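Undergrad: requesting a structural model of the entry that follows:
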Amino acid sequence: MRFFVVILMLCVVWIAERLNGRKKFMSAGTQIYGPSIMMKMRGFTVGLITDVNATARAAGISEALAHAIVKDFSINRNAFQYFHFDPTNPNQVFKMPKATVSANSWVSVGLSASYAIPQLWKKQLLIGMTVKRVWGIGGAYVQTGDMKIQQLNRTTIQLDNTNMHYGLYQGAGSGSGADLGVAWVYHKPDYKQNGYYRSHHKAYIYKFGLSIMDIGSIRYRKAQTTDIVNNSTVTWDVQDEKSKFFGMDPSVAGLNGFMKGEIPNITTQQGELIVGLPTRLVLSCDYMLKPKFFVNAQMVQSLRSRYGIHARYQSFLMVAPRYETPYFEVSTPLAMEYDYRSFRAGAMVRVGVFYIGTNSLVSFFNTKNSRDADLYFGFTISALSGSRSAMKLQKFIDSKNLKKVDSCHKM
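TA: Numbering: from 1, shown residues only. Predicted structure coming up:
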């Protein structure tokens with residue numbers, strides 16, 4: 001039996017300005033694994049898993065708009081300088097690309113089951129599934145399509161082809177999800193799986209895994225959504241509109257009231273909205289170089305669009321060599337993270353049942369130029385053996401096996 005308690009994972013990408021002419025992406029997330037339990041019974045493994053998740057991300061924000069946000073839309077701080085308006089060319093138009101900002105949070109409780117199918121030549125096939133009940137806590141999103149902005153003078157801009165969608169949903173969300181997986185394991189010969197060797201080393205040489213995680217969605221029944229599709233021309237005085245925007249009621253109704261006073265063709269509604277879970281494909285391989293030394297490789301590919309409103313985890317590719325004993329473990333993961341755009345090096349240490357790690361070690365030593373932080377920690381209580389008589393019986397069996405294979409192990 002295994003009992004997992006409170007595993008906390010944090011991943012934050014700081015909003016730091018980097019002027020390189022490219023679109024801007026931001027992500028932040030927190031995942032808390034609650035009390036969970038797993039039990040093995042004659043080839044089957046069954047368990048109960050609980051967790052709480054929250055994600056927030058921005059995708060495709062133009063550098064000009066990102067700079068304006070950082071500068072608080074202030075004309076005096078040159079907030080609009082990267083819109084590249086040329087005063088000598090009043091007909092110049094800036095095109096703002098498609099972008100999405102979204103946040104989602106949810107709680108899930110899952111029942112998992114797996115079965116080990118013996119194969120020839122010490123191979124083993126594992127198949128498993130987790131079925132989840134999901135409750136949505138809430139979320140919000142803002143999406144913009146391709147829009148055109150033209151500067152008429154220092155404080156006035158003109159909007160053409162306005163294409164914007166936003167929504168808010170809180171509580172009253174429910175849904176379901178599932179994880180599907182298969183693993184193939186190649187074990188060591190029999191004489192290396194008994195007695196002393198088994199209690200001090202892993203029983204496999206390598207194993208491969210393939211899974212699809214978080215298949216499913218959450219249905220919110222009282223979501224407030226707004227769609228703005230306007231082909232006419234709208235003129236804004238930046239300073240005046242900024243004062244109105246920050247003075248409005250901080251709610252969807254307040255934002256709708258502000259938009260209706262400035263842009264025609266606004267559609268608002270309250271009803272059902274389906275938000276997908278962060279579905280992703282996971283490929284993994286774990287190989288034992290020699291006793292206590294392993295290499296793990298993993299690829300996670302998100303199956304959700306960058307620009308969708310659904311929950312989404314970033315794709316990454318990671319290789320992690322590690323040294324592992326029953327009571328101590330250290331690993332140094334090397335990864336291409338954030339949809340394979342950035343290289344990161346991390347470290348993880350486990351002592352007994354407690355562990356702590358990060359996938360971005362450099363950010364903890366170079367805080368001045370840090371753009372991200374990643375931290376996880378937790379503890380695991382495993383191998384609860386049951387009654388005292390059962391423990392004595394298992395100890396007696398192990399001692400007999402040790403006498404049988406001790407000479408072979410020494411050789």
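
Undergrad: contacting residues for M336?
TA: 316-318, 342-344 (C-beta atoms under 8 Å, 6 or more residues apart in numbering). (Glycine included, C-beta is placed from N, CA and C.)

Undergrad: quick one: least confident of those?
TA: Among the contacts of M336, S342 carries the lowest pLDDT, at 85.

Undergrad: excluding covalently adjacent residues, which one is nearest to A113?
TA: V46 (5.0 Å; C-beta to C-beta, 6 or more residues apart in numbering).

Undergrad: would CSV of the contacts of M336 with secondary structure and distance to Y141 be doable?
TA: Converted to CSV, those look like this (DSSP: H, G, I helix; E, B strand; the rest coil; distance: C-beta to C-beta, whole Å):
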residue, secondary structure, distance to Y141
F316, strand, 23
L317, strand, 28
M318, strand, 29
S342, strand, 25
F343, strand, 30
R344, strand, 27
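
Undergrad: now, the most widely separated pair of these?
TA: Within these, M318 and S342 form the most distant pair, 12.4 Å apart (C-beta to C-beta).

Undergrad: buried stuff in stretch 240-253?
TA: Within stretch 240-253, the residues scored as buried using 16 or more other C-beta atoms under 10 Å are 241-242, 248, 252.

Undergrad: what is the nearest of those residues to V362?
TA: K242 (37.8 Å).

Undergrad: element containing that closest one?
TA: Using DSSP states H and E, K242 falls within helix 238-247.

Undergrad: ok, now A59?
TA: Using DSSP H and E, A59 sits in strand 44-61.

Undergrad: now the element after that strand, going C-ward?
TA: helix 63-70.

Undergrad: the residue nearest to A113 bridge partners, please.
TA: With DSSP bridges as the criterion, V46 is bridged to M39, A113.

Undergrad: list the buried residues in stretch 30-42.
TA: 31-34, 36-38.

Undergrad: what sits against the residue most central in space within the chain?
TA: For the chain, the residue nearest the mean C-alpha position is Y313 (3.4 Å; C-alpha atoms, centre = their mean). Contacts for Y313 (C-beta under 8 Å, 6+ apart) come out as 29, 55, 278, 280, 300, 302.

Undergrad: hang on, A320 in a strand?
TA: Yes - counting by DSSP: H, G, I helix; E, B strand; the rest coil, A320 is located in a strand.

Undergrad: ok, back up a step: pick out whichever of M318 and S342 has more residues nearby.
TA: Shown here are M318 and S342; by other C-beta atoms under 10 Å, M318 has more neighbours (18 against 15).

Undergrad: with adjacent residues omitted, what lies nearest to the more buried one?
TA: Excluding the flanking residues, the one nearest M318 by C-beta to C-beta, 6+ apart is A335, at 3.9 Å.

Undergrad: can you check D237 too?
TA: In space, D237 is closest to T156, 5.5 Å off (C-beta to C-beta, 6+ apart).

Undergrad: now do L255
TA: Nearest non-adjacent residue to L255, counting by C-beta to C-beta, 6+ apart: M248, 6.7 Å away.

Undergrad: so who does that neighbour touch?
TA: By C-beta under 8 Å, 6+ apart, the neighbours of M248 are 254-255, 257-258.

Undergrad: V300 is in contact with the residue nearest to M318, correct?
TA: No - applying C-beta atoms under 8 Å, one finds A335 not in contact with V300, separated by 9.8 Å.

Undergrad: joint contacts of the two?
TA: With C-beta under 8 Å, 6+ apart, A335 and V300 have common neighbours 316-317.

Undergrad: give me the three-state assignment for the closest residue to the residue nearest to the centre of the chain other than its chain neighbours.
TA: Nearest non-adjacent residue to Y313, counting by C-beta to C-beta, 6+ apart: P278, 4.5 Å away. Three-state call for P278 (three-state DSSP): coil.

Undergrad: closest to M147 among the contacts of M336?
TA: Nearest to M147 among the contacts of M336, with distances taken as C-beta to C-beta, is S342, at 28.4 Å.

Undergrad: how about that closest one: what's its closest non-neighbour residue?
TA: M336 (7.2 Å).

Undergrad: what's the average pLDDT for the helix or strand containing the one you found?
TA: Remark: M336 resides in strand 334-337, with elements defined by DSSP H and E. The average pLDDT for strand 334-337 rounds to 91.

Undergrad: so in that sheet, which strands flank it, and in what orientation?
TA: Sheet partners assigned to strand 334-337 using DSSP bridges are listed as strand 316-324 (antiparallel), strand 342-345 (antiparallel).

Undergrad: and K148, which of those strands is closest to it?
TA: Nearest of the strands paired with strand 334-337 to K148, taken as C-beta to C-beta: strand 342-345 at 31.5 Å.

Undergrad: contacts for the closest one?
TA: 332-337, 359-362, 372, 374.

Undergrad: redo that, cut-off 7 Å
TA: Strand 342-345 is contacted by residues 334-337, 359-362 when judged by C-beta atoms under 7 Å, 6 or more residues apart in numbering.

Undergrad: tell me if the residue nearest to the centre of the chain really is in a helix.
TA: No - Y313: not assigned to a helix; according to three-state DSSP it is coil.

Undergrad: for it, grab phi and psi.
TA: The phi and psi torsions at Y313 (degrees, to the nearest 10) take the values phi -100, psi 150.

Undergrad: in space, what's closest to R312 - neighbours in sequence excluded?
TA: R304 (4.2 Å).

Undergrad: quick check: the one you found touching T279?
TA: Yes - using C-beta atoms under 7 Å, R304 is in contact with T279, at 5.9 Å.

Undergrad: show only the entries of the buried residues of stretch 30-42 found in strands.
TA: 31-33, 36-38 (DSSP state E).

Undergrad: now those residues in TSV, with pLDDT and distance to K95?
TA: Converted to TSV, those look like this (pLDDT from 0 to 100; distance: C-beta to C-beta, whole Å):
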residue	pLDDT	distance to K95
Q31	86	37
I32	86	41
Y33	84	44
S36	82	49
I37	85	54
M38	83	53
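
Undergrad: can I get these in TSV with distance to A183?
TA: TSV is the format used below for those (distance: C-beta to C-beta, whole Å):
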residue	distance to A183
Q31	22
I32	26
Y33	20
S36	19
I37	21
M38	15
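
Undergrad: from these, which is closest to V182?
TA: Among these, M38 lies closest to V182 (C-beta to C-beta), at 17.9 Å.
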